[in-house]
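Peer 1: need the 3D shape of this:
(one chain, ligands or ions: 1)
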Amino acid sequence: MALYPVVRKLLQKRVVLASASPRRQEILSNAGLRFEVVPSRFKEQLNKASFPTPYAYAMETAKQKALDVARRVHQAVGGLILEKPMDKQDAYSMLSRLNGKEHSVFTGVAIIHCSYQDGRLDMEVSEFYEETLVKFSQLSEELLWEYIHSGEPMDKAGGYGIQALGGMLVEYVRGDFLNVVGFPLNHFCKKLAELYFPPRPENVQRVKHDSIPPVDTFEGLSDLSDVEGGGSSPAHSQQGHGTKDTHAKGTVAGLHSSALLEVIDGFKASKALFTASKMKVFDALGDGAPLSAVDVARKIDASEHGTGRLLDACAALGLLEKTHRGYRNTELASRYLRSDGEFSLHSLILHSDTHVWNLFTHLESAVREGTHQHPRALGSTADDPSQGTCRSQDQKLRCLGAMHGLSKLSAHQVATAFDLSQFTSACDLGGCTGALAHELAREYPGLKVTVFDLPEVIEDVKRFQPNGPQTEQVTFVPGDFFKDRLPEADLYILSRILHDWSDEKVHELLSRVSGSCKPGGCLLVAESTLDEEKQAARPGLLPSLDLLVQAQGRARSLSEYRHLLQAHGFTDVRAAGTGNIVDVILATRTEP
Ligand SMILES: C[S@@+](CC[C@H](N)C(=O)[O-])C[C@H]1O[C@@H](n2cnc3c(N)ncnc32)[C@H](O)[C@@H]1O
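Peer 2: Next comes the predicted model:
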C-alpha cells in the first residue's frame, strides 16, 4: 500500500484530524490513515490584511485550528482554509472573479506532534502550505448561474467543487489536484516521512531510491517498508512466482526500470548532498528565512548559475523547499545537515565525501582481492584500518565527528532497547566521544559509565561533551582493549565494534571481555545485522560491502552473534530490533 510505511509509524499514535471537511476525511481514509475527527473551535477570523501572502494566512489559520484541538485532545493533525460562499450572490461574485482566469488554491497544513515530557505536554508544530494553479474556462453568465443553482458551490471553499460538477468549469490544473479537492496528500505524506521516517545515516551514502524520504515516490516508500519490516520486497515475491515478462510500464519481474535508473544515478544524488554540505549551503540557509539563489551564491562564494542548479537539485532531493520567495531548509536539513546541530551529520557527510568515496573507487579491487583498500586508496597499512584513515588533526576531528553523529542517531534506541536499570556501572568499550554513554546516563541516573577508547581518541573528546548534570556520571579512560586491563563494570558494551575486526580479533576481544565480566554481569552488543538468509533489500547488506572496502571485518546475522557470544560464556542471549541503524543484543555471563 502506497502510504504504508508512514501510516505504520502512526499506528501506535493517536491521530486527530482537526477539521470537519468530509473531502479531507475521504482523502486521508483512502490513503489508509486511521484517525479521529475533532473539528476545531478556532474561528477563522484572523485579519487577512495583516498577512503578507495568502499562504501565510492559510498556514497560520491551520496552525491555530490544529493547536486548539491539540490543547483539547493532546494530539492532532490538520487544518485548512479556503473561503466558502455565504449565499448565491456571494457564490456568483466569487465565480465571476475566477471566470476565464488562472487562480491559486492555497492549503495550509499544521501537524502538531504531542508528547509528554516530565509530566508536561510538549507540542512540536510542523507546518507547510501547498499551492495549486487552476484555470477556469471563459464561461457564460447562464452557465455560471446554472452551476450556482445546482447548490454545489455553497459548501465549497472557493465556490466550486473540482471533483464534481465544478470540474466542468476548469480548463487545466497545475500542481496537486487533491489540494484543490481539499487536502494536499502528497506534500502531507512527504512531511510525515520527514518527521517519522528520517533516513538512516548509511542510507545517506546509499544509492537506493529510499535514501531520502521526502523525494520518495509512494512506490519507493512501500519498498522501504519491506526493508524495515523484514518481509520480502515486491521484487522478490514476484521473482518467487517465476514471472519473467517484460511489462509495458518498464518492469521486469516487478523491478521498475525507474528504480534501476535511480540506482544508476544514485552517486549524483550523493555528490549533490556532499557538495552542498561542503559548501555549507544548509548553514547559509540556517536562520529559516527563504533566500534566493543569488543570495545563497553570495553567502557561499560561488557562481549564481551553479548555485541555482545545486539548490534545485537539493530541492528535488527533498533537502530544500523551493517557493517563489526562494529556498529554505526542510526540517530534515535543519536537523541533520547544518554543521552546528545536536544531531548534525555534517562530519559524516564530509567523511563520506573524502575517505569513503575514495575507498569505493577501488571497489573492484576489493572484490577481486577480497580485502580492504586502505593501502591503495589512502596509503595506510595500519593493522586497524579505521585508525589509519585519520591522519591530520582535521581528518581526525572529522572522523570523530562522523562517529559522533552516527552514534547520536541510535544512542537513545540502544540505551532503551532493554531495561538496564539494574546495573550500577557500565563500560563502553570503543565508546569514542561518549554519545551513547551520555544517553545511558540520562536514561539511568543510577548508572556510572566509563568510556574506554584509544588515548588519541580520548584526548580529543572534550569538544563533543554535552552540558547537564548527567555528565558527572560519565568518565573517560584511555586504553587499548586488546592490550590493557578493561575497567571493571557490571555491564560491558560493544557498540559498532565487532563488525570492524577479523574473526580472530573478534574472538580475542570477546575472550577479554568475558574474562573481565563477573558471573551475572552482562554484555550489550549493538550492530547492524544481516537477516538470516542474507537476502537483498535488507539494511545490513550495503554496510557489508562497506566493510569489505573499509575494514577487515564483516556483518553478521543475529544468530551468528548469538553463537559467538555463547562461545565466550554468555548465555540468555536476547535481541531487540530498534527499527534504527543497529539491533541490540543483551547476554548474561554465566559461571565459567
Ligand atoms: C566504529 S567506532 C564505534 C564508536 C561507538 N562505539 C559507536 O557506537 O558509535 C570504533 C571505536 O573503537 C575504537 N577503537 C578501535 N580500536 C580500539 C582499541 N584497540 N581499543 C580501544 N578502542 C578502540 C575507535 O577509536 C572508535 O572510537
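
Peer 1: which residues of the stretch 301-450 of the chain lie near the ligand?
Peer 2: Selection of the stretch 301-450 of the chain residues close to the ligand by C-beta under 6 Å from any ligand atom yields 384, 403, 406-407, 430-432, 436. C-betas here are computed from N, CA, C, even on glycine.

Peer 1: identify the farthest-apart pair in these.
Peer 2: D384 and L436 (20.0 Å; C-beta to C-beta).

Peer 1: those two - which one has more neighbours?
Peer 2: L436 (27 against 16; other C-beta atoms under 10 Å).

Peer 1: restrict stretch 146-159 to CA atoms and write it as PDB.
Peer 2: What follows is stretch 146-159, C-alpha atoms only, in PDB (Å, rounded to 0.1, in the frame of the first residue of the first chain):
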ATOM      1  CA  GLU A 146     -26.900  27.200 -13.700                       C
ATOM      2  CA  TYR A 147     -23.900  25.900 -11.600                       C
ATOM      3  CA  ILE A 148     -24.800  28.100  -8.700                       C
ATOM      4  CA  HIS A 149     -28.400  26.900  -8.800                       C
ATOM      5  CA  SER A 150     -27.200  23.300  -8.600                       C
ATOM      6  CA  GLY A 151     -26.400  24.100  -5.000                       C
ATOM      7  CA  GLU A 152     -22.900  22.700  -5.200                       C
ATOM      8  CA  PRO A 153     -20.900  25.900  -4.600                       C
ATOM      9  CA  MET A 154     -22.500  26.600  -1.300                       C
ATOM     10  CA  ASP A 155     -20.400  24.300   1.000                       C
ATOM     11  CA  LYS A 156     -17.200  24.600  -1.100                       C
ATOM     12  CA  ALA A 157     -14.200  26.600  -0.400                       C
ATOM     13  CA  GLY A 158     -13.600  28.900  -3.400                       C
ATOM     14  CA  GLY A 159     -17.200  28.400  -4.500                       C
END
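
Peer 1: can you point out the buried residues in it?
Peer 2: For stretch 146-159, the neighbour count (16 or more other C-beta atoms under 10 Å) marks 147-148, 152-154, 156-159 as buried.

Peer 1: pull out the buried residues from stretch 438-456.
Peer 2: Buried, per 16+ other C-beta under 10 Å, within stretch 438-456: 438-444, 447-453.

Peer 1: ugh, wrong one, I meant stretch 420-427
Peer 2: Here stretch 420-427 shows 420, 423, 425-427 as buried, counting by 16+ other C-beta under 10 Å.

Peer 1: so which of those residues comes closest to the ligand?
Peer 2: For the buried residues of stretch 420-427, the closest approach to the ligand (C-beta to the nearest ligand atom) belongs to C427, at 11.0 Å.

Peer 1: and the closest residue to the closest one other than its chain neighbours, helix, strand or coil?
Peer 2: Using C-beta to C-beta, 6 or more residues apart in numbering and skipping the chain neighbours, the partner closest in space to C427 is A489 (3.8 Å). Put simply, A489 is coil when judged by DSSP: H, G, I helix; E, B strand; the rest coil.

Peer 1: for G401, see how far away Y561 is.
Peer 2: Taking C-beta to C-beta, to the nearest Å as the measure, Y561 and G401 are separated by 28 Å.

Peer 1: L348 now?
Peer 2: 7 Å.

Peer 1: if you count surrounding residues, which of the two has more?
Peer 2: More crowded of L348 and G401, by other C-beta under 10 Å: L348, with 25 against 22.

Peer 1: I figured that one hits L406, correct?
Peer 2: Yes: using C-beta atoms under 8 Å, L348 makes contact with L406 at a distance of 5.9 Å.

Peer 1: check which helices and strands the strand or helix carrying Q395 sits against.
Peer 2: Assessed by DSSP states H and E, Q395 sits inside helix 393-416. Packing partners of helix 393-416 (3 or more C-beta pairs under 8 Å, 6 or more residues apart in numbering; DSSP states H and E): helix 201-205, helix 346-351, helix 435-443, strand 522-527.

Peer 1: want to throw those into a markdown table with mean pLDDT?
Peer 2: Formatted as a markdown table, the helices and strands packed on helix 393-416 follow (pLDDT from 0 to 100):
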| stretch | mean pLDDT |
| --- | --- |
| helix 201-205 | 42 |
| helix 346-351 | 94 |
| helix 435-443 | 95 |
| strand 522-527 | 96 |
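
Peer 1: of the buried residues of stretch 438-456, closest to the ligand?
Peer 2: Set against the ligand, the nearest of these by C-beta to the nearest ligand atom is D453 (4.5 Å).

Peer 1: which residues touch the helix or strand containing K322?
Peer 2: Counting by DSSP H and E, the element that carries K322 is strand 320-323. Contacts to strand 320-323, defined as C-beta atoms under 8 Å, 6 or more residues apart in numbering, come from residues 128, 281, 285, 290, 311-312, 314-315, 327-330, 333.

Peer 1: ok, the residues you listed vs the ligand, which is closest?
Peer 2: Using C-beta to the nearest ligand atom, A333 comes nearest to the ligand of those, at 22.9 Å.

Peer 1: pretty sure the closest one is touching Y327, no?
Peer 2: No: counting by C-beta under 8 Å, A333 stays clear of Y327, with 10.2 Å between them.

Peer 1: can you pull the pLDDT of G431?
Peer 2: G431 is assigned a predicted lDDT (pLDDT) of 98.

Peer 1: an error on my part: the question was meant for S277.
Peer 2: You'll see S277 listed with a pLDDT of 97.

Peer 1: just the CA trace of the helix or strand hosting it, in CSV.
Peer 2: Here S277, judged by DSSP H and E, is contained in helix 266-278. The C-alpha atoms that make up helix 266-278 are tabulated as CSV, following Å, rounded to 0.1, in the frame of the first residue of the first chain:
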residue,chain,number,x,y,z
GLY,A,266,22.5,7.4,-7.1
PHE,A,267,26.0,8.7,-6.9
LYS,A,268,24.9,12.1,-8.4
ALA,A,269,22.4,12.5,-5.5
SER,A,270,25.1,11.6,-3.0
LYS,A,271,27.5,14.0,-4.6
ALA,A,272,25.0,16.9,-4.7
LEU,A,273,24.4,16.4,-1.0
PHE,A,274,28.2,16.2,-0.3
THR,A,275,28.9,19.3,-2.3
ALA,A,276,26.1,21.3,-0.7
SER,A,277,27.2,20.2,2.7
LYS,A,278,30.9,21.0,2.0
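
Peer 1: pull the distance from it to the chain's centre.
Peer 2: Distance of helix 266-278 from the chain centroid (C-alpha atoms, centre = their mean, to the nearest Å) equals 17 Å.

Peer 1: C-terminal to the helix holding Q395, what's the next element?
Peer 2: Sequence-wise, the next helix or strand downstream of helix 393-416 (DSSP H and E) is strand 425-429.

Peer 1: report the strands that pair with that following strand, each with its relative direction.
Peer 2: Using DSSP bridges, strand 425-429 pairs in its sheet with strand 448-453 (parallel), strand 491-495 (parallel).

Peer 1: okay, now the residue nearest to C427: neighbour count?
Peer 2: Residues within reach of A489, counting by other C-beta under 10 Å, total 25.

Peer 1: my guess is it meets G521, correct?
Peer 2: Yes: at 7.3 Å, A489 counts as touching G521 under the criterion of C-beta under 8 Å.

Peer 1: count of residues packed around the residue of the chain found nearest the ligand?
Peer 2: Closest contact between the chain and the ligand, by C-beta to the nearest ligand atom, is at G430 (2.8 Å). Around G430 there are 20 other residues, counting by other C-beta under 10 Å.

Peer 1: in the protein, what residue sits furthest out from the centroid?
Peer 2: E142 (52.9 Å; C-alpha atoms, centre = their mean).

Peer 1: measure it to V549 for me?
Peer 2: With C-beta to C-beta as the criterion, E142 and V549 are 73 Å apart.

Peer 1: in the stretch 451-592 of the chain, which spans are strands?
Peer 2: 474-478, 491-495, 522-527, 570-577, 583-589 (DSSP state E, counting those that start in this stretch).
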